[in-house]
Each structure stands twice: as structure tokens, then as C-alpha cells.
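Colleague: Dropping the sequence and predicted coords here.
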Amino acid sequence: MSDVNNMNLLQGTLDLLILRTLKTGPLHGWAISERIQQISQDVLQVNQGSLYPALHRLERKGAIAADWATSELGRRARFYRLTAEGKRQLDLESESWHALTVAIGRVMKLA
């Protein structure tokens, strides 16, 4: 497993992963981390030291909003959801990410 914090990823990659994960609906922090790990088939592991600063940053930017609710384990937790601004940011960053990965793929294949 790779810790997202320790990987040499472009700045904003974790934000993009969080926004994409929240596209399906509100989740609390631990569930966001688990979902990213699950979808990546255990390749990516987002630790709390990376996740919560990213969530706070996205909240300050207006890309996500949070509400207190009860988790599936009966505990109070902050559930994060995409805002309209977050959906716009996700669309823009997804297009940029796709263009970047295509370009990197070409270099890796032909260089």
C-alpha cells in the first residue's frame, strides 16, 4: 500500500480524489479514506494527517461543506458534501488530470 502523503503526486491530486469520492454523496472523513483505498484496490491509503488538512482546505475554498450527523457506528461525525463550486472544480480538474495522464502516457511509451 502507498500512503498518498508519501507519494510524489502533483499538488491537488488528493483534493481531486476527495472531490471525486464525494460526487456520489456525503461521507465522513474515515469513509472517504476507506472509499479511496477500496476503489484503488489498496494501492492508495490516505492517512488522517493528509486527509483532514485537505478537507479543511476544500471547505475553506467552498468546494465542500460539512454537517454534523450520526455515522453508521452511532458516533457523531462531520459529513462532507460537494457544493456547486466543488462540482465545477471537479469538472475542471478532471479534464486537466485526463490531459496530463494522456501526455505522460505518450512520453512513457515513446521516450
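Modeller: Sure, I can see it.
Colleague: Poorly predicted segments of this protein, please.
Modeller: Counting by pLDDT under 70, the ranges of the chain that qualify are 1-11.
Colleague: Taking the centroid of it, which residue is nearest it?
Modeller: Centroid-nearest residue in the chain, with C-alpha atoms, centre = their mean: Ile18, separated by 1.6 Å.
Colleague: Spit out the contact partners of it.
Modeller: Neighbouring residues of Ile18 by C-beta atoms under 8 Å, 6 or more residues apart in numbering: 32, 36, 51, 54-55, 58, 64, 80. Bear in mind the C-beta positions are built from the backbone N, C-alpha and C, glycine included.
Colleague: And stretch 81-98, what's buried?
Modeller: 82-83, 86, 89-90, 93, 97 (16 or more other C-beta atoms under 10 Å).
Colleague: So which other helices or strands are in contact with the top helix by length along the chain?
Modeller: Ranked by residue count under DSSP state H, the longest helix found in the chain is helix 84-110. Packing partners of helix 84-110 (3 or more C-beta pairs under 8 Å, 6 or more residues apart in numbering; DSSP states H and E): helix 13-22, helix 48-61.
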